[in-house]
Each structure stands twice: as structure tokens, then as C-alpha cells.
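Novice: got a sequence here, can you model it:
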Amino acid sequence: MKKRILALLLMAAMLISMCAILSACDGDTVTDENGEVTGETTGDGEQPEGEITFKLWDVNQKPGMDLMVADYIDNVNPNAKINVEVLEWGLYWQAMEEDREAGQMPDVVWMHSNYFAEYAEAGALLDVTDVVDASKFNAGMIDTFTVGDQLLGVPKDNSAIAVIYNKTLFEAAGADLPTDSWTWDDFSAAAKAITDKGGDAVDVDGNKLDDKGEVVMIDDPEGALDDDGNVVQVPDQETVSIKTYGFAADAGEDESGWLNTIYQAGGFTVKNDGDGTVTGYADPATIKGVEFYLGFQKDGQSPTQKDFTQVGRNARFNNGTIGMMFVGNWTIGEFKDAIGDSFEWDFAVMPAGDGGCKTISNGLIYSGYSGTQNPELTKDFLQYLASEAAQKIQSESGTAISAYEGTGAAFSETFADLNVAAFTNMMADGNAVWYPTSPSKPEWVSLERGDGIEKMSGDIDNVNIADEMAIIDEAIKKVIADNE
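Specialist: Purely as a prediction, here's the structure:
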């Protein structure tokens with residue numbers, strides 16, 4: 001009897017061991033010694049099959065996403081087919097809204113903090129809590145994209161804004177190059193010096209413009225007369241130089257624009273004070289930050305908002321007619337490709353105002369669609385995107401600074417010839433301000449941007465910025481009170 005009991009116990013032990021082996025071979029989640037999810041899959045056994053769509057909005061990051069998809073299929077799940085689609089920002093969100101309402105969103109999407117609350121509230125996002133090791137990502141980012149006890153996306157990247165500058169223009173103007181401790185005064189002096197050194201302004205047709213942006217008319221050089229015997233007037237095209245400006249103060253840019261100077265001045269737009277969202281658009285420091293930014297347009301040291309609608313700020317910098325601009329780290333590869341060796345350029349930390357050297361930081365997530373027709377494959381791919389392997393590929397390819405701890409350094413190494421530390425150092429030094437948002441931001445963002453700061457820049461010579469900011473504050477405060 002004792003021998004039989006012993007035999008049964010041995011058989012039970014063997015069965016338990018076999019189950020453990022079979023489970024490990026089934027491609028399940030790998031856990032550490034504490035039972036925590038590591039974000040990896042074993043990839044040794046049967047994986048979910050099928051075809052899913054992965055949608056994003058930045059064509060410059062598509063090569064990096066393609067590398068990650070290829071790695072997933074080659075090394076994790078050869079049974080999968082993943083179609084990567086790209087739509088530019090505006091069309092992306094238009095299509096997303098239409099697809100959500102029709103119940104046919106892409107399986108995996110990029111999600112931005114501006115729109116997260118809207119899609120989370122609609123129940124459109126898949127819970128990925130069980131496939132993401134939250135301890136490997138920034139706690140603030142995890143909190144931002146968690147609703148209740150559900151994490152509704154895989155952290156993709158961390159970002160910061162820095163100054164891109166044309167070193168050739170700085171040296172030609174005799175302006176001091178940026179340092180790690182430069183201030184608003186230094187920044188303003190450089191912008192003025194570069195602008196003063198610039199040539200005459202012309203429109204997109206090559207016509208000379210006066211200081212009000214009007215085409216300069218002159219007598220026809222050939223002496224042509226009209227039917228009444230008057231000398232015919234023609235646009236002056238004697239000059240072929242494009243006006244050079246010290247700074248591109250595009251009022252249409254928030255994350256890569258005036259939000260930075262608002263926080264550098266010590267102001268804020270919205271924040272949660274523990275009792276809910278409060279607004280700060282009418283705060284004197286906030287107003288000062290907007291006045292500093294738009295002041296470059298008013299003083300003629302930046303193209304006007306009308307100018308930016310004709311030729312965008314990136315195109316202007318790439319053709320060598322802008323001295324400085326605020327840009328995100330995700331644009332580095334784009335500028336390298338566009339500029340080549342046309343002129344010398346680099347990056348610098350943000351200039352410090354009364355509130356210090358502040359930069360707006362943000363991060364995207366990969367979200368799964370809760371109504372996907374292939375939840376197993378969708379979740380398996382999201383689990384891969386949360387892995388160290390996937391996030392290393394993103395950094396090493398120069399696509400973005402990956403969110404997974406310890407993988408961001410590879411991004412800087414990809415651009416060793418540039419001062420990419422301008423971005424990462426500000427994040428490490430505590431100067432990064434998380435991109436301001438609130439649950440009702442989709443409802444009020446246009447009041448802040450297109451109908452707010454961008455609109456006032458269109459009449460920059462006459463507008464009272466303090467009065468306009470007070471109007472913006474009241475309008476957004478009402479939206480928040482009605483919706484949060």
C-alpha cells in the first residue's frame with residue numbers, strides 16, 4: 001500500500017512538471033522570480049494567427065515601426081501578418097473618429113494624450129494591464145494612461161523639446177553660440193543679431209516685400225504704358241534673397257512652441273490641484289511667456305503667422321533662413337536627411353526664463369482596439385511592443401527615445417555627431433514638464449490653439465495679449481466645469 005501511494009505521488013509530480021513544460025512551450029507570458037510580468041513572450045510554441053492593422057501618423061517613424069514588426073514576425077510570431085498604415089496628423093484623427101463611430105477602428109494605434117480620455121471614455125481601448133510590466137516605465141506615464149485599474153496602452157516613447165539652431169547663421173551674425181546656461185536675454189540677442197544680418201524679404205513668387213508684407217511696386221523697366229498713357233506698375237523682383245529671421249515663432253505650435261515659454265516664465269495652462277482641473281491662462285507669468293514668444297513676430301524677428309501658412313517653419317529652417325526653432329527629438333532624423341551638409345547646425349537646451357530652463361515632455365502609447373476581430377493576435381503584438389527587445393529597436397534605429405527603462409541611451413548613440421544630450425539632459429535634470437492636459441481637452445483644445453493663441457498672432461500689432469488670455473481662461477474654465 002505504501003508503495004502504491006509513493007508511486008501515485010511520483011506520477012502526480014511528473015504530471016505537474018509536464019504541465020509546467022507544456023505551459024512554457026505554449027508561448028505564454030514570461031514572469032520573473034516574483035511572478036511579475038516581464039513583457040516578453042517565450043515564442044517557442046503555437047502563436048495566434050491572423051492579420052491585423054497597425055496605424056500611426058508620422059511617416060518619418062514608419063521605418064522604425066517596420067523594423068519592429070519584422071522582428072516580431074521573425075522572432076516571436078511567424079503566424080502573424082501586420083499591415084502598417086500611415087496618415088498625417090489631421091487626417092489620422094479624422095479617420096480615427098469615423099472608424100470608432102463605425103465600430104471598425106484599426107487593431108493597434110498610436111494614441112496621444114490629447115485624445116486619450118475621449119477614446120477611453122468611449123470604451124474603445126483594450127486593457128493591457130496583464131501584458132505590461134509597469135515597473136519598467138515612467139510612473140507618471142503609467143498613471144496618465146490608466147483608468148481605474150486598467151492600463152489602456154503600452155508606453156511607446158518619452159520626448160522633450162530643445163532648440164535647433166543654424167550655427168552658420170550664428171557665426172555670420174557674430175552672435176554668441178548657445179550654452180547649457182543661456183537665458184531668454186541671450187536667446188533674444190541672438191535672434192536680433194541674426195535677423196539684422198538677414199536680407200530683404202520676398203514672397204513665394206520672388207516679389208520684394210516692404211516692412212508691412214506688401215509687394216513693392218515699381219515702374220515697368222521697359223517703360224510700358226497703359227491705355228491712358230500711365231506708366232505700368234510691376235512687382236519689384238530686383239532681389240533674389242529670402243529674408244532671414246532669428247527665430248521661428250509659429251503660433252500654431254503648442255508642444256514645440258509657446259507652451260515651453262509659458263512654463264519657462266513660471267506660468268501654466270491647466271493642472272490638477274487635487275480637487276480637479278484649474279486653469280492658469282490669465283496668470284501673469286503665463287501671459288509673460290506668450291508675450292515673449294509672440295514678441296518675435298511683433299518685432300520682426302520671426303516670420304508672421306501669414307508667412308508660415310505660405311512656407312512652413314521646417315522648410316524655412318531647412319533652406320537656411322531661420323536661426324533658431326523649438327523642435328522635438330522625434331524630428332532629428334528628418335532634419336538630418338533634409339539639411340545634409342548645406343550648413344552647420346546642432347541642438348541646444350532651452351533658454352531659461354524666470355521659471356528656469358523648462359521643456360515640454362510627452363509620450364505616446366500603443367493602444368489596442370477593444371472591438372478588434374482578432375483580440376489574441378492584437379494583445380500578443382502589444383505584449384511584444386512592451387518588451388525590452390522592441391523598445392531597443394525603436395531607440396537604436398533613431399526613431400524615438402523609447403519609454404522602457406534603460407533603452408533610451410541607444411537613441412543618443414545613433415546621432416553621435418549631434419548634441420542630442422540637449423534633449424535627454426533636460427529630462428534627467430528635472431526640467432521636463434509633462435504635456436498639460438485634462439479629461440475634457442478634446443473639447444477645449446481649439447479654444448487654446450486655433451481660436452486662441454494662433455488667432456491672436458494674426459493681429460499681433462494690435463492685440464492685447466493679457467486681455468485675450470483672460471478670455472481664453474474663462475472659456476476653457478467653463479468647458480472644464482461643464483465636462484469634468
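Novice: so what secondary structure elements neighbour the strand or helix carrying residue 101?
Specialist: Residue 101 belongs to helix 89-102 when assigned by DSSP states H and E. Judged by 3 or more CB pairs under 8 Å, 6 or more residues apart in numbering; DSSP states H and E, helix 89-102 is in contact with strand 50-56, helix 113-121. (Glycine included, C-beta is placed from N, CA and C.)
Novice: nearest to residue 161, of these?
Specialist: helix 113-121 (14.9 Å; CB to CB).
Novice: what about the closest one, average pLDDT?
Specialist: The average pLDDT for helix 113-121 rounds to 93.
Novice: heading C-terminal from that helix, find the next helix or strand.
Specialist: helix 139-144.
Novice: let me see the mean pLDDT of that next one.
Specialist: For helix 139-144, mean pLDDT rounds to 88.
Novice: partners of the very next helix or strand once past it in the sheet?
Specialist: Remark: after helix 139-144, the chain's next helix or strand is strand 146-147, criterion DSSP H and E. Sheet pairing for strand 146-147, assigned by DSSP bridges, gives strand 150-151 (antiparallel).
Novice: packing partners for the helix or strand just after the partner strand?
Specialist: Downstream of strand 150-151, the first helix or strand assigned by DSSP H and E is strand 154-155. Judged by 3+ CB pairs under 8 Å, 6+ apart, the packing partners of strand 154-155 are strand 365-368.
Novice: what about the residue nearest to residue 457 when sequence neighbours are not counted, distance to residue 454?
Specialist: Among residues not flanking residue 457 along the chain, residue 251 sits closest, at 3.6 Å (CB to CB, 6 or more residues apart in numbering). Applying CB to CB, to the nearest Å, the value for residue 251 to residue 454 is 4 Å.
Novice: which neighbours do the two have in common?
Specialist: Common neighbours of residue 251 and residue 454 (criterion: CB atoms under 8 Å, 6 or more residues apart in numbering): residue 305.
Novice: neighbour-wise, which of the two wins?
Specialist: residue 251 (25 against 21; other CB atoms under 10 Å).
Novice: which residues touch that one?
Specialist: With CB under 8 Å, 6+ apart, residue 251 has these contacts: 257, 258, 293, 294, 297, 305, 453, 454, 456, 457.
Novice: show me which of these is closest to residue 331.
Specialist: For these, the nearest to residue 331 is residue 257 (13.3 Å; CB to CB).
Novice: ok so residue 262 is a strand residue?
Specialist: No: Residue 262: not assigned to a strand; according to DSSP: H, G, I helix; E, B strand; the rest coil it is helix.
Novice: how many neighbours does it have?
Specialist: If you count neighbours by other CB under 10 Å, residue 262 ends up with 32.
Novice: how about it, what does it touch?
Specialist: Applying CB under 8 Å, 6+ apart, the residues near residue 262 are 268, 269, 285, 286, 289, 290.
Novice: now with 7 Å?
Specialist: Residue 262 makes contacts with 268, 269, 286, 289, 290, as judged by CB atoms under 7 Å, 6 or more residues apart in numbering.
Novice: most neighbours of all those residues, which one?
Specialist: residue 289 (29 neighbours).
Novice: flag every buried residue along the helix or strand containing that one.
Specialist: Following DSSP H and E, the helix or strand that holds residue 289 is helix 284-298. By neighbour count with 16 or more other CB atoms under 10 Å, helix 284-298 contains the buried residues 285-298.
Novice: turn those into TSV, including distance to residue 371 and pLDDT.
Specialist: As requested, these are exported to TSV (distance: CB to CB, whole Å; pLDDT from 0 to 100):
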residue	distance to residue 371	pLDDT
285	44	98
286	40	98
287	45	98
288	47	98
289	42	98
290	41	98
291	47	98
292	46	98
293	42	98
294	44	98
295	48	98
296	47	98
297	45	97
298	49	96
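Novice: ok, so of the residues you listed, who is nearest residue 180?
Specialist: residue 292 (20.2 Å).
Novice: and that closest one, how far from residue 262?
Specialist: For residue 292 relative to residue 262 (CB to CB), the value is 9 Å.
Novice: overlap of the contact sets of those two?
Specialist: Residues touching both residue 292 and residue 262 (CB under 7 Å, 6+ apart): none.
Novice: can you check which of the helices and strands packed on helix 89-102 gets nearest to residue 317?
Specialist: The closest of the helices and strands packed on helix 89-102 to residue 317 is strand 50-56. By CB to CB, the value is 24.0 Å.
Novice: wait, isn't residue 436 in contact with residue 270?
Specialist: Yes: in this structure residue 436 lies within contact range of residue 270 using CB atoms under 7 Å: 5.1 Å.
Novice: in helices only, show me the contacts of residue 251.
Specialist: 293, 294, 297, 305, 454, 456, 457 (DSSP state H).
Novice: looking at these, which is nearest residue 65?
Specialist: residue 454 (30.4 Å).
Novice: now the strands for the stretch 251-400 of the chain?
Specialist: Ranges of strands in the stretch 251-400 of the chain, per DSSP state E, counting those that start in this stretch, are 270-272, 277-279, 322-328, 345-348, 359-361, 365-368.
Novice: ok, residues contacting the longest one?
Specialist: Applying CB under 7 Å, 6+ apart, the contact partners of strand 322-328 are 159, 161-166, 169-170, 190-191, 194, 245-248, 255-257, 260, 313, 316-317.
Novice: report the buried members of those.
Specialist: Neighbour-count burial within the contacts of strand 322-328 applies to 159, 161-166, 169-170, 190-191, 194, 245-248, 255-257, 260, 313, 316-317; the criterion is 16+ other CB under 10 Å.
Novice: from residue 410, how far out is the residue lying closest to residue 404 once chain neighbours are set aside?
Specialist: Of all residues not flanking residue 404 in the chain, residue 391 sits nearest, at 3.7 Å (CB to CB, 6+ apart). Distance of residue 391 to residue 410, computed by CB to CB: 9 Å.
Novice: same check on residue 453?
Specialist: Distance from residue 453 to residue 410, by CB to CB: 36 Å.
Novice: just to revisit the earlier point, keep only those of the contacts of strand 322-328 that are in helices.
Specialist: 169, 170, 190, 191, 194, 260, 313, 316, 317.
Novice: closest one of those residues to residue 367?
Specialist: Of the ones in helices among the contacts of strand 322-328, the one sitting nearest to residue 367 (CB to CB) turns out to be residue 260, at 26.8 Å.
Novice: next, the contact list for that closest one, please.
Specialist: 161, 326, 350, 358, 359, 360.
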